[in-house]
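Participant: Show me the folded form of this:
(4 chains)
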Protein chains: 2
Amino acid sequence: MTGVEKIKRVRRTAEEARRVILDAAERRLADLGPEGIRLQDIAADIGISHPTILHHFESREGLVLALTRRTTEQLRTDLFAAFTGPHARNADIHPIMERVFDVLSKRGHARLIGWMILSGALTPNPEQFLLRDLTDLIHPMRVEENRLRGLPAPDREDTLFIVMLGAVTAFGVGLFGTVVRRGAGVEDEPHIAERFRGWFAELLRSRILPSAQ
Amino acid sequence: MTGVEKIKRVRRTAEEARRVILDAAERRLADLGPEGIRLQDIAADIGISHPTILHHFESREGLVLALTRRTTEQLRTDLFAAFTGPHARNADIHPIMERVFDVLSKRGHARLIGWMILSGALTPNPEQFLLRDLTDLIHPMRVEENRLRGLPAPDREDTLFIVMLGAVTAFGVGLFGTVVRRGAGVEDEPHIAERFRGWFAELLRSRILPSAQ
DNA sequence: TCAGCTACTGTCATTGTTGTAAATAGCGAT
DNA sequence: ATCGCTATTTACAACAATGACAGTAGCTGA
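Facilitator: Here you go, the predicted model:
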């Protein structure tokens, strides 16, 4: 019972090891915040020793940097996919917004980005051009739609603000959704989050194309 | 020059000392996040020794608790004032939203609350009933206004969603405003934040009272 | 089967941070 | 004035976290 136990040492590829470590760090960051990123705790979570993490990432800072990179790249990819996917063609904003909200809710993605922004880990801004590019993508569509309806062309700044509102709201809901719903006394109502999403998407749609639908 | 310097020891009232310490902690939290709340650093900022902080707050945790209390009470007071002040009577939402945004921008208030929400320091929710009460305040006004205009009464959930959107957006702008503006490529445009505020307030207003100007 | 590479571990040094205990000094009351 | 209270400080203890280093063990290719 108390005899010497042979401990089987698991050896992964460097890439796989980095992935597992980043996954664990990501979980702790989303759950506990920056203070939750402790090498020994992360190591314990996945059953390795903490120097292994240092071996793969040089330092704690290197780990955090790698995590921010991976997270922001993933976010960028997912969001880009949402806006250029099959739904993007027919200008129906509802499924697009659904996907945006999904991307930011899943795996506490909004929380991760939130931590990173708040702690300044995101200074070399990764979505540098995302919102601007998004505006450039949507605005011509608006102009064209309005022209077909004989309406005056909207101001580009109006489109920009719509995009900014969408971004802020998607993030805000991902971050504070629970708290806000609790503060509104509706945390127990089923599907309330979904209804809000739909309501918000409709609000944006009616602003983008006033006369449609 | 290198002689023994007489160090004048400042002695404050306990209340004043607590205030000064909380101010310093607040600054560090807003700027650097939870990791910035280090007793020695806070002490250094205000030129005292760190055990003095422990004397006044028992422990680091006690300090954080006191800070969250003070912050949330302040926020509650400020927001309540915004919605019951002189502007609240004539149903003009613009100055009200201006004040809400102000409250959350000043002193990094949104950042503070953001940290607290993310780190779970806010579990005994302080704005427990704020959003619901706000909805109850606004909804009857909407119903009455619409009745006067011969429009059908709006759904209460619609009002609730408007309030939730206002809350999420005000927080989101306070937290990520800079990043979002940078991501949109408009960080250098003057008054862009103000214009967005106005645009958003107008969006809410048009949703609350569709036919009003 | 053996040799080399490197992912991985155990141990320890260092540093930083919270918290304790005793001494000191400012300030108000008698 | 001086006495007592307590805000404040100095010095130190305890502990946790990162990181360094040397050695170990699993995989792969000859």
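
Participant: count of neighbours near A:Gly47?
Facilitator: By the measure other Cβ atoms under 10 Å in any protein chain shown, the count of residues near A:Gly47 is 9. All C-beta spots, glycine's among them, are computed from the backbone N, C-alpha and C.

Participant: pLDDT below threshold where in chain A?
Facilitator: A:1-7, A:89-91, A:123-128, A:211-213 (pLDDT under 70).

Participant: which residues are contacting stretch A:100-111?
Facilitator: A:26, A:29-31, A:71, A:74-75, A:78-79, A:82, A:113, A:166, A:170-171, A:173-175, A:177, A:197, B:118 (Cβ atoms under 8 Å, 6 or more residues apart in numbering or on different chains).

Participant: Just those residues: which are in helices?
Facilitator: Among these, the ones falling in helices (DSSP state H) are A:26, A:29-31, A:71, A:74-75, A:78-79, A:82, A:113, A:166, A:170-171, A:173-175, A:177, A:197, B:118.

Participant: hmm, back to that, hmm, which of the contacts of stretch A:100-111 are the buried ones?
Facilitator: For the contacts of stretch A:100-111, a neighbour count by 16 or more other Cβ atoms under 10 Å in any protein chain shown gives the buried set as A:26, A:29-30, A:71, A:75, A:78-79, A:82, A:113, A:166, A:170-171, A:173-175, A:177, A:197, B:118.

Participant: Let's see the helix or strand hosting A:Met141 as CSV, backbone CA atoms only.
Facilitator: Per DSSP states H and E, A:Met141 falls inside helix A:130-148. Taking C-alpha atoms only, helix A:130-148 is exported to CSV below (Å, rounded to 0.1, in the frame of the first residue of the first chain):
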residue,chain,number,x,y,z
LEU,A,130,-11.8,44.4,-37.3
LEU,A,131,-14.4,47.0,-36.5
ARG,A,132,-13.4,49.3,-39.3
ASP,A,133,-13.3,46.5,-41.8
LEU,A,134,-16.6,45.4,-40.6
THR,A,135,-18.0,48.9,-41.2
ASP,A,136,-16.6,49.0,-44.6
LEU,A,137,-18.2,45.7,-45.3
ILE,A,138,-21.7,46.6,-44.1
HIS,A,139,-21.9,50.2,-45.1
PRO,A,140,-22.0,49.7,-48.9
MET,A,141,-24.7,47.1,-48.4
ARG,A,142,-26.8,49.7,-46.5
VAL,A,143,-26.2,52.3,-49.1
GLU,A,144,-27.3,50.0,-51.9
GLU,A,145,-30.3,48.8,-50.0
ASN,A,146,-31.5,52.3,-49.2
ARG,A,147,-30.9,53.4,-52.8
LEU,A,148,-33.1,50.5,-54.0
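
Participant: Just confirm yes or no for it near chain B.
Facilitator: Yes. Applying Cβ under 8 Å from any Cβ of the partner chain, one finds helix A:130-148 touching chain B at A:Leu130, A:Leu131, A:Arg132, A:Thr135.

Participant: Next, format those residues as a markdown table and append distance to B:Pro210 and neighbour count.
Facilitator: Output for these, formatted as a markdown table (distance: Cβ to Cβ, whole Å; neighbours: other Cβ atoms under 10 Å in any protein chain shown):
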| residue | distance to B:Pro210 | neighbour count |
| --- | --- | --- |
| A:Leu130 | 32 | 21 |
| A:Leu131 | 28 | 23 |
| A:Arg132 | 31 | 17 |
| A:Thr135 | 26 | 23 |
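
Participant: Could you export those as a markdown table, including distance to B:Ala201?
Facilitator: Output for the residues of helix A:130-148 next to chain B, formatted as a markdown table (distance: Cβ to Cβ, whole Å):
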| residue | distance to B:Ala201 |
| --- | --- |
| A:Leu130 | 26 |
| A:Leu131 | 21 |
| A:Arg132 | 24 |
| A:Thr135 | 21 |
